[in-house]
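> model this:
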Amino acid sequence: MTVGEACRLRIRALCEERGITPNKLSIISGVTQSTLNNILSGRNNSTTVSTIKKLCDGLEISLVEFFDCALFAELEQEIS
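Purely as a prediction, here's the structure:
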């Protein structure tokens, strides 16, 4: 799994846990709907930490909480 895939799955899981849609997350975080759609669809595989931080602020969690997930413990080496 790549970092982009892990971020996408984590964002989806957090939305589901909180019972919010990606559209609602976009509104409460200040991340544009198109940016969030690109992340969730896989068109953007290099999400910035700044964008993740905004999403975390909207979800009222820290970056540590976002990345404290088994998804990030099993990432592939991305350097070829």
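> residue ranges with poor pLDDT in this structure?
Residue ranges of the chain with pLDDT under 70: 80.
> quick check: the nearest residue to Thr21 once chain neighbours are set aside vs Glu78, distance?
In this structure, Thr21 finds its nearest non-sequential neighbour in Cys15, 6.7 Å apart by C-beta to C-beta, 6 or more residues apart in numbering. For the C-beta atoms, the positions are set from N, CA and C on the backbone; glycine is no exception. Between Cys15 and Glu78 the distance is 25 Å, computed by C-beta to C-beta, to the nearest Å.
> the two: which is more packed in?
Ranked by neighbour count (other C-beta atoms under 10 Å), Cys15 and Glu78 place Cys15 first, with 19 against 9.
> just checking, the more buried one touches Ser26?
No: under the criterion of C-beta atoms under 8 Å, Cys15 is not in contact with Ser26, lying 10.4 Å apart.
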